[in-house]
Structure formats: structure tokens, C-alpha cells
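1. Fold the following.
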Amino acid sequence: MKISSDGSIGVFDSGVGGLSVLREIKHLLPADKILFIADQVHVPYGEKTLKDVRQYSFGIVRFLLNQGAKMIVVACNTASAAALHSLRSEFPEVPIVGMEPAVKPAAEYSRTRKVGVLATPATFQGELYASVVEKFAKDVQIYQHTCPGLVTQIEKGDLWSLPTQEILESALNPMLAEGIDTVVLGCTHYPLLIQLIKNIVGEEVRVIDPAPAIASRVKFILDEKMIKVSKSLYSNLSMFTTGEPGNFENAISIFLKEDLQVTHLAWDQTNNNLHIIGL
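-> Predicted coordinates:
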């Protein structure tokens, strides 16, 4: 069953992290119809195999296209690393925007030639990350950290607690000791902690959030390809989760400052399809 026959922008992530990208897209395109899926039953993607993440991504994209999405935003670095190339091959007629670790702008900015990157294990293991480093950061020393447990803290809404701060400090303090002057946020969850991260690294270290650049790319493609998206000043967001709708509604209230009803989705594991519970 389709939510609407009108065109929309489809966005997805493993959880609340994609809201950092959605927030920037809404800022540039406040009236555009957007469908957002949080696959919270599988969060965090960074601890899954690339094969599994690729499978989840295909199921989600098929659902979004069936609901009328005219373009797709993979608002997840792990899913982009695992599935972006395969999705573009499978759906060549659909513009698909993915997350690319912002190593290029970091390398261009860095004066010490030392850059820290925070991302999930799957992102670091992906060919996309390796190719970006090889192409744009050959002369830069890259310091990597996977921040174990940080995505889970963010999913719980535990943003300012001591455990959250300790995870970040254990990742960032050794990098700071090495003399980094730039930090790349290579997971869409992490910009939701950007103020805490800035507090730890200080004013002399630049923190790069890729979300604004992704939103600009979405707007550029919509204009370039003249993709028609339904417009509405009200109720222009349709939110879905495979997890607990009430928990996701709370996260939306925190991160988007909006009170929105969330539709509950379930996986048909046999066919790798999503369906709306109750329909």
C-alpha cells in the first residue's frame, strides 16, 4: 500500500543518526515531501557484516521506491560503504546519494597534515573509504577510531552522560596528543554529539560534519534532473521505524524539535521486504 502517489525524497539509516542528514535536507528544502526509515531493529549497522547491511539496504530502497520515492539518500556511512555501488547498479534510473567520508575537505584544510576520523568498523573496511583516502589524503597521517558503544549511547538519547564523554575522550585524546587539527565525523550518528565533540577537541581543531554537503548535493540533483517532489508546508515528513515507534518519536522530538507520529515497519525475512504493521 502506498502512502502517496506524489514524488518524494527517500532517506534511510540504521537509526537516529540519519536525522542529522534529514535536518540539513529540511533546512534547504523545507516544503519537500520526505520519507525517512530508521532500521532500528538492526542498529548498529557498524557491527553487522557488509553482506547483511547490503541486504537490509536493498529491502529498504525497494520499500521507499514503492512508496513513491524519486530519489534515495543513504544517510548512513556504513550502508554507503556496503551497498552504494550495488544499489546504483540495481536501480540505475534512480538518483542515489550516499555518504562519503569527508577526508578530502579535511586533507585540504589540515595544516599539521594530521587528521582524525571517527567511524564504524564497517566504514573503515569498505572500499569507498580506502579509495577516498588513497585519492585525496596520500600525504596526510590518518588516525582512526571506531568509538565502540557510541552509536548505542546516541540511540538511547544518552548524549551528555559521563560514559558517552568517556567513549569520545578515549578516541579523541590520543589523536589530539599526536597533533591533529581536523576531525572527520564518519558516521551520521556522530554529528548529533557535535557540541560535545567540540568541547573535547577545543576551538583550534576543526570538526567536519558532512550532512550540509549531502543536503546541498540532494538539492543540486533535484534541480539538475528536474525531479518533481510533492510540496507541502505541513506534514511533509513521513517517518518509519522497524524498532519501537514511541522511542523513535522521542528521538525525533529531541533532534528535530518536532512531534511526529511514526509508522511501524516489520521485516519479511524470507523475501527481504518491509511491510507496514497493521496493513
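2. Now do the strands in the stretch 151-279 of the chain.
-> Under the criterion DSSP state E, counting those that start in this stretch, strands of the stretch 151-279 of the chain are mapped to 182-185, 206-208, 237-241, 262-268, 273-276.
3. Deepest-packed of the ones you listed, please.
-> strand 182-185 (a mean of 27; mean count of other CB atoms under 10 Å). From N, CA and C alone the C-beta is placed, and that goes for glycine too.
4. pretty sure Val201 contacts Ile194?
-> No. Val201 is beyond contact range of Ile194, at 10.5 Å (criterion: CB atoms under 8 Å).
5. tell me, what's touching these two both at once?
-> Taking CB atoms under 8 Å, 6 or more residues apart in numbering as the contact criterion, the residues that touch both Val201 and Ile194 are Val207.
6. who's more crowded, those two?
-> Val201 (21 against 16; other CB atoms under 10 Å).
7. quick one, what contacts that one?
-> Counting by CB under 8 Å, 6+ apart, Val201 has contacts 172, 176, 183, 207.
8. Then Ala177?
-> Applying CB under 8 Å, 6+ apart, no residues contact Ala177.
9. separation between Pro148 and Ser170?
-> From Pro148 over to Ser170 the distance is 9 Å, taken as CB to CB, to the nearest Å.
10. The two - which one has more neighbours?
-> Per other CB under 10 Å, whichever of Pro148 and Ser170 has more neighbours is Pro148, with 15 against 12.
11. Would you agree that one is in contact with Leu168?
-> No. With contacts counted by CB under 8 Å, Pro148 stays clear of Leu168, the gap being 11.5 Å.
12. tally of neighbours for Pro44?
-> Here the count is done by other CB under 10 Å, and Pro44 has 24 residues near it.
13. same deal with Trp160?
-> Look at Trp160: counted by other CB under 10 Å, it has 11 neighbours.
14. Quick check: closest non-adjacent residue to it.
-> Leu196 (6.6 Å; CB to CB, 6 or more residues apart in numbering).
15. try Thr242
-> Val41 (4.1 Å).
16. was I right about the one you found contacting His264?
-> No. With contacts counted by CB under 8 Å, Val41 stays clear of His264, the gap being 10.4 Å.
17. so where do the helices sit in this structure?
-> Per DSSP state H, the chain carries helices over the ranges 19-28, 50-66, 77-90, 103-109, 121-125, 127-136, 150-155, 162-178, 194-201, 211-224, 245-256.
18. right, so of the strands of the stretch 151-279 of the chain, which gets closest to Leu159?
-> Among the strands of the stretch 151-279 of the chain, the nearest to Leu159 by CB to CB is strand 182-185 (14.5 Å).
19. Which strands border the closest one, and is each parallel or antiparallel?
-> Next to strand 182-185 in the sheet, as set by DSSP bridges, lie strand 114-118 (parallel), strand 206-208 (parallel).
20. same for the lowest-mean-pLDDT helix or strand in the chain, what does it pack against?
-> Taking mean pLDDT, DSSP states H and E as the measure, the helices and strands of the chain show their lowest mean at helix 121-125, namely a mean of 88. If you count contacts as 3 or more CB pairs under 8 Å, 6 or more residues apart in numbering; DSSP states H and E, helix 121-125 packs onto helix 50-66, helix 77-90.
21. go again using 6 Å as the cut-off
-> Contacts defined by 3 or more CB pairs under 6 Å, 6 or more residues apart in numbering; DSSP states H and E place helix 121-125 against helix 77-90.
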